[in-house]
Each structure stands twice: as structure tokens, then as C-alpha cells.
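**Q** quick one: sequence plus predicted model below, questions after.
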Number of protein chains: 2
Amino acid sequence: MNTQPTEISLKPLYQQVRERLLLRLIDGDWIAGDVIPSEIQLARELGVSQGTVRKALDEMVRDNILRRKQGRGTFVASSEDAEFVFQFFRLQPDTGDRVMPASVVISVRREKANASVAQLLEITRGTEIVKIERVRSLNDRPVIAETVILVRALFEGFPSAPEVPNNLYNLYAKRWGIRIGRADERLKAGGASPIEAERLGCAPNTPLLRVERVARDLSNRAVELRLSNCLTDGLHYTSG
Amino acid sequence: MNTQPTEISLKPLYQQVRERLLLRLIDGDWIAGDVIPSEIQLARELGVSQGTVRKALDEMVRDNILRRKQGRGTFVASSEDAEFVFQFFRLQPDTGDRVMPASVVISVRREKANASVAQLLEITRGTEIVKIERVRSLNDRPVIAETVILVRALFEGFPSAPEVPNNLYNLYAKRWGIRIGRADERLKAGGASPIEAERLGCAPNTPLLRVERVARDLSNRAVELRLSNCLTDGLHYTSG
DNA sequence: CAGTGGTCTAGACCACTAT
DNA sequence: TAGTGGTCTAGACCACTGC
């Protein structure tokens, strides 16, 4: 049978399927927690074989966009799931427990992107941003002094400090339909500044683990820059 | 056709294929850089379909054990390849280049495992170990003070300091047939000790990125513990 | 029971590599 | 040209879920 679509196609069919499914996710046809149609239905809809759909879904599962549940169906991964949260939150007690962090927001401000922020978020210098400062705690102990920077145009009406929830990625998804799919991180060590020391209740110059994260949505657009400065006595960052 | 092997099998066929291929790698039937038999040959040898062999190979490629080259064949990943090296060496200049580190070995000693080393290497306390101390440089600048700890019984006749090469994983593979397949890392920040400060040419208490790595061979046995203490000005550790 | 994903087979054609 | 992996199809049976 003819395996070629009517037009000349540069990419393999299963990648085209993946992209079409991604578009439907981005458009909000399916939201977090939903079951998507079965492989056989998708195959019929898209005019390809079940095997091709399967290969596309396999990739999306590998990328944590979807989750399979045998006998039940394929689901859109939810930003409320522990698995999703810990995909990005990698600081944990040395004992190995996974503890959900709590957050206290210090400030939410409008600013303009300086050169380095602009470069990392792939925007032009001077673009309006939202800057959130908060302190995150594990087991009631403040351990992360964090700055979150967003492209303001993508997050219209961002709430003021008291209304900012703990799970930001869940907020992005629910409020603006922005799903974080990928995050690239760079780690360094550095001494705590006086402000960080005060927020974390440690001495100035205490060595902190500094994590610089650029988070991207499903269409691979940089939407958030996050600088996390972590105390690491009794805690560690898990790599891999 | 009957898809069941003669015996009752708990695991899927493709996982059994994967395990059989892994055994042949561990036994040294194929060594780094070799082409392994084609999918169709393996399928015939093992009495399964090409699709099943393919699924097993896919997993092994994903785990960086094999590499495919279209039109040429499937190869055993080599510990000399840049891709293999940078799978584990994740400290790089902020400019984004990938630079091969150089190493100067300070000492190679025999010791006995203390409680914490024993726990991480999954051996009993007091087991003989080899402890290698070295300093690694990027662009001629010393940036990592490193301690490597090996289970001595697995590395009989480990060379003395002047004969220790830069690429240890290549040495393990060539000399003892031990291939590193996985490494789990924990990261922390800490101030440089006087010894570290001297080795790295920095002030004592300079914040260092401390990476604790447990490396495992293809049968998932912990074989190496590595503590890397890194200067991170102008450099960063890449996560993911 | 019907429907889902999970595994497995068999066979086709394509793109790339080597000779 | 022959051989390799890469893609795609079609159809089978299994294991698990929920009604």
C-alpha cells in the first residue's frame, strides 16, 4: 500500500503524527489527565497504521508528555502528578525520601529583561518580564532562595504575591495552557549573598548550589528562567 | 506461529533477547567498536523475528551500549568516543564548548572501605579498595580535585600513579573488560578544604560543586565511586 | 464481556554505505 | 549491486481494566 501522504514529506510519518498530536495538545483539545483516543482510533483518523501511531506515542511517553496505562488507555501527563513534579524538582534529603516543597512568595514584580535574561529566554533586551522571588522549604526548613522570570506577554494577568500557588507549572497549564515539556539546567556552586543568607537563615558566603533552568513549552519555546539557590547540607540534587 | 519459547517465560521475548546480547557483551564476544551481527542474522540465531531483535537493540541504543549507523550496521559503543566520554563528563565552559579534560594523578593507594564507601559500593566494610587521587584540568587550568575509589578485587594489578591514563573507563574496559553502563550522581555545594584549595589553586572555603558518582557495569554492579570537587567560575555542570 | 495497550510476527519498500 | 538499518503496514494473540 502507498505509505506516502499526498504531498512530498521530508519527515517520517510517525514524526508527522507526533507533531499533529502535539498541536492538539497545544490547542487544548486534550488537557492534563484526559484519556486520548485509542491507538486504533487515532490510526483511523490519521490514515496511518496502528504501528505508526504507536511509535509516535512511544516518543511522547518517553518525553513525559503522555502516560500509558495498560487496559485503560493513554493519558495526558498532569502537572499535578508526583512524577511530573519530581521530573523537575530534584532536590531531596540524603535519606532518599521524596518530599514535596512548600513555598513562600516574597515578591512579584514587573521588570524589563537585561541582556543575560534576554539571551536565555530568547527574547530581545528590554522585553517586559515578571520576576517572582520566593523561598522554598523542605520539612519546614527554608532551603531554596529562588527567582523565577517569565516573559510577561505569555502570562497576562499574573497574580500578585499572596495568590501565587506553590506549583507554578500547574498554574501555567491551567491558566494559560502552557505546558512545560523540557527544562535545561546548568549547575554551579557559589557563596550565599547577604540577601540569600537572610532568606535561608544561613551565614553569608555559605556555599550554595546554584541551578539555572530554562524551561520550554511543548513547542520548545523558552518561557521561564529559574534561578534556584540551594542549601545542600543534608540535601542533594539528583542528576540523570 | 507459536511465540512462546519452549520453557515458560516470565519476561517478554525482547527483554530476554536483550539479556542474551548483554551476556555476550559482558563475556567479551564483542568488544568496543565492533560491528555486531545484523538484525536479520540475530533474529535467525535466536529464533525470533527481526522486529523483536529490533526492539531489544532499540533499548540498548537508548542506554548508550550500542550505536546504529544506517547502511553500515550496529556497533558496540566505545569508551574512546567523544559521545561516551561526555555522557559522563558534564563539566563544561560557560561558552558551551566541549573540552576534553586532562588529568594529573597524585596518588594511587590501597585502603579498606569505611562504612560510607562500603554502603555506596554495596560491599562489606573493610573490603580492600583502590583509591586514586587526581586533579583534572580544562584548557590547562586545574578545576577538579577528584577521588576515585574502586573495589580492588575487580581491578587486579591496578597501575601505579605514573601509569594511570586519563580515560579511566577506557582502561577498565580494555584491561578488565568492565564496561560502565550507568552512573548515578548526587550534587552538593561545599567550601574547599585546605588540600582541595592547594590542588585547585584557589582560596580555602571557595564554594565547590561536589559530585558523588556511583558507576555501574553492564550487569548493574557498583564498581566505582567517584567524588569530584569542581571549581565553577566560568564553568558549569550540565544536567539532563 | 469488550476495549485498551503490550508483545510478536511477516513482509514490504526506502535511504544509506560499501564495493 | 548487495547488505544494512529506518520506516511502515497488517494482523495475531496476550494481559489488564472496567462494566
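**A** That came through, no problem. Numbers count the residues shown, from 1 in each chain, chains lettered A, B, ... in the order given.
**Q** close to DNA strand C: what parts of chain A are there?
**A** Residues of chain A found near DNA strand C (CB under 7 Å from any atom of the strand) are A:36, A:38-41, A:51, A:54, A:68-74. (Each C-beta comes from the backbone N, C-alpha and C, glycine too.)
**Q** ok, now how distant is the residue nearest the centre of chain A from B:R109?
**A** The residue lying closest to the centre of chain A (CA atoms, centre = their mean) is A:I180, at 3.5 Å. As for A:I180, its distance to B:R109 is 47 Å (criterion: CB to CB, to the nearest Å).
**Q** what residues does chain A put near chain B?
**A** Taking CB under 8 Å from any CB of the partner chain as the contact definition, chain A meets chain B at A:90, A:94, A:183-191, A:205, A:207-212, A:230, A:232-233, A:235-240.
**Q** what is the least confident helix or strand in chain A?
**A** helix A:82-88 (a mean of 91; mean pLDDT, DSSP states H and E).
**Q** run the chain-centre distance for it.
**A** Offset of helix A:82-88 from its chain centre (CA atoms, centre = their mean, to the nearest Å): 9 Å.
**Q** got it, and stretch A:150-167?
**A** Remark: stretch A:150-167 is offset 15 Å from the chain centroid, using CA atoms, centre = their mean.
**Q** just to revisit the earlier point, give the buried subset of the residues of chain A next to DNA strand C as a ChimeraX selection command.
**A** Entered in ChimeraX, the line below selects the buried ones among these, by 16 or more other CB atoms under 10 Å in any protein chain shown:
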select /A:36,39,54,74
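**Q** all the helices of chain A, in order from the start?
**A** Secondary structure of chain A (DSSP state H): helices located at A:13-26, A:39-46, A:50-62, A:82-88, A:115-121, A:168-176, A:194-200.
**Q** just put these in CSV and tack on distance to B:I129.
**A** Shown next, in CSV, are the helices of chain A (distance: least, CB to CB, whole Å):
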stretch, distance to B:I129
helix A:13-26, 48
helix A:39-46, 51
helix A:50-62, 37
helix A:82-88, 33
helix A:115-121, 43
helix A:168-176, 43
helix A:194-200, 36
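**Q** comparing those helices by mean pLDDT, which bottoms out?
**A** When the helices of chain A are compared by mean pLDDT, helix A:82-88 comes last with a mean of 91.
**Q** name the helices or strands packed onto that helix?
**A** In this structure, helix A:82-88 makes packing contacts with helix A:168-176, judged by 3 or more CB pairs under 8 Å, 6 or more residues apart in numbering or on different chains; DSSP states H and E.
**Q** give me the residues contacting stretch A:147-156.
**A** A:110, A:113, A:117, A:121, A:123, A:127-134, A:158, A:168, A:172, A:175-176, A:178, A:222-227 (CB atoms under 8 Å, 6 or more residues apart in numbering or on different chains).
**Q** so which of those residues belong to strands?
**A** Among the contacts of stretch A:147-156, the members found in strands (DSSP state E) are A:110, A:128-134, A:222-227.
**Q** whichever of those end up buried, select them in ChimeraX.
**A** One line in ChimeraX is enough to select the buried members of those, burial here meaning 16+ other CB under 10 Å:
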select /A:129,130,131,132,133,134,222,223,224,225,226,227
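**Q** and the ones in strands among the contacts of stretch A:147-156 as a markdown table, adding pLDDT?
**A** Shown next, in a markdown table, are the ones in strands among the contacts of stretch A:147-156 (pLDDT from 0 to 100):
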| residue | pLDDT |
| --- | --- |
| A:R110 | 97 |
| A:E128 | 97 |
| A:I129 | 98 |
| A:V130 | 98 |
| A:K131 | 98 |
| A:I132 | 98 |
| A:E133 | 98 |
| A:R134 | 98 |
| A:A222 | 97 |
| A:V223 | 97 |
| A:E224 | 98 |
| A:L225 | 98 |
| A:R226 | 98 |
| A:L227 | 98 |
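**Q** dump the ones in strands among the contacts of stretch A:147-156 into a markdown table; add distance to DNA strand D as well.
**A** Output for the ones in strands among the contacts of stretch A:147-156, formatted as a markdown table (distance: CB to the nearest atom of the strand, whole Å):
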| residue | distance to DNA strand D |
| --- | --- |
| A:R110 | 45 |
| A:E128 | 41 |
| A:I129 | 39 |
| A:V130 | 40 |
| A:K131 | 42 |
| A:I132 | 38 |
| A:E133 | 42 |
| A:R134 | 37 |
| A:A222 | 27 |
| A:V223 | 29 |
| A:E224 | 31 |
| A:L225 | 33 |
| A:R226 | 34 |
| A:L227 | 38 |
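**Q** my guess is A:N114 contacts A:T124, does it?
**A** No. Contact between A:N114 and A:T124 fails when scored by CB atoms under 8 Å: they sit 11.5 Å apart.
**Q** let me see the domain layout of chain A.
**A** Residue ranges for the domains of chain A, per automatic domain parsing: A:13-76, A:82-237.
**Q** any chance of the ones you listed in TSV, with distance to B:A102 too?
**A** What follows is those, written out as TSV (distance: least, CB to CB, whole Å):
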stretch	distance to B:A102
domain A:13-76	36
domain A:82-237	22
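**Q** for B:M100, find the nearest of those.
**A** domain A:82-237 (19.6 Å; CB to CB).
**Q** chain center to the closest one: distance?
**A** Distance of domain A:82-237 from its chain centroid, counting by CA atoms, centre = their mean, is 10 Å.
**Q** then stretch A:32-41?
**A** Between the centre of stretch A:32-41 and the centre of its chain there are 22 Å (CA atoms, centre = their mean).
**Q** excluding its backbone neighbours, what's nearest A:P162?
**A** Distances taken as CB to CB, 6 or more residues apart in numbering or on different chains put A:V105 closest to A:P162, at 7.4 Å, once the chain neighbours are dropped.
**Q** neighbours of the one you found, how many?
**A** By the measure other CB atoms under 10 Å in any protein chain shown, the count of residues near A:V105 is 19.
**Q** could I get the pLDDT score of it?
**A** Looking at A:V105, its pLDDT is 98.
**Q** likewise the one 4 residues further on?
**A** The per-residue pLDDT reported for A:R109 equals 97.
**Q** wait, what's in contact with the residue lying closest to it once chain neighbours are set aside?
**A** Spatial nearest neighbour of A:R109, excluding adjacent residues (CB to CB, 6+ apart): A:K131 at 5.0 Å. Counting by CB under 8 Å, 6+ apart, A:K131 touches A:107-111, A:147-149.
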